[in-house]
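Student: I would like to see how this sequence folds:
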Amino acid sequence: MKRSPLALVVVAFVVALMLYVGYHQARRQGGALAAPRLTQSSLAPDFSLESLDGKTMRLSDFRGKAVLLNFWATWCGPCKVEMPWFVDLQNQYGSQGLQIVGVAMDDASKEDIGKFAKDMGVNYPILIGKESVGDQYGGVPALPESFVITRDGKIMDKIIGLRGKADIEDAIKKALNTRPATSQASIEERSSVAR
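Tutor: Below is the predicted model of the structure:
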């Protein structure tokens, strides 16, 4: 019986994905704490990572902006599909307060990650990831994985795998329409005083 080449590719991909997930789960065993359960409206865990240009960046540096936090790797096929979308979205919505932040989660060298980002035309900060940061975000079991974070630092959406550009753009628009909690609290306080 002749097998379809597409079926073989799909089977190989599934096996590779299972091996990847199993490998990373095994690395986390042995006394590691359980990954935190992040939900919508959870405060996004802050972190400090080195950027490709050697600066230390924290997630909290972007408070007041809507953030798309993207965990990716140079070997990840779906990551290569969505990176040009992110470049377009950063161009389109950056002036409205969007900041896309990429976190490279593979074992490639900083130079290789930098070359990859340059070849992809990336126009947003790329940070060198650490497993401990991935763990703060639930372990990041599959790549790409993105978190849409509101202006006040809360997780609004979690995107696992490749989702359509329109879906990502809709989530970004919702995050851009949020205001920091202190501003909302001030509005509520003023309206209760006015009553």
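
Student: so where do the strands sit in this protein?
Tutor: 48-50, 56-58, 66-72, 98-104, 126-128, 145-149, 155-160 (DSSP state E).

Student: between those strands, which gets nearest to residue 176?
Tutor: strand 66-72 (4.7 Å; CB to CB). For glycine as for every other residue, the C-beta is placed from the backbone atoms N, C-alpha and C.

Student: and that closest one, what does it pack against?
Tutor: helix 77-93, strand 98-104, strand 145-149, helix 165-176 (3 or more CB pairs under 8 Å, 6 or more residues apart in numbering; DSSP states H and E).

Student: elements contacting the last one?
Tutor: Read that as helix 165-176. Using 3+ CB pairs under 8 Å, 6+ apart: helix 165-176 touches strand 66-72, helix 77-93, strand 98-104, strand 145-149, strand 155-160.

Student: Serialize the helices and strands packed on strand 66-72 to a markdown table and add fields for mean pLDDT, mean neighbour count and distance to residue 44.
Tutor: Formatted as a markdown table, these follow (pLDDT from 0 to 100; neighbours: other CB atoms under 10 Å; distance: least, CB to CB, whole Å):
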| stretch | mean pLDDT | mean neighbour count | distance to residue 44 |
| --- | --- | --- | --- |
| helix 77-93 | 95 | 17 | 18 |
| strand 98-104 | 96 | 24 | 11 |
| strand 145-149 | 94 | 24 | 5 |
| helix 165-176 | 92 | 16 | 11 |
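
Student: including distance to residue 159, could the ones you listed go into JSON lines?
Tutor: As requested, the helices and strands packed on strand 66-72 are arranged in JSON lines below (distance: least, CB to CB, whole Å):
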{"stretch": "helix 77-93", "distance to residue 159": "9"}
{"stretch": "strand 98-104", "distance to residue 159": "12"}
{"stretch": "strand 145-149", "distance to residue 159": "4"}
{"stretch": "helix 165-176", "distance to residue 159": "7"}
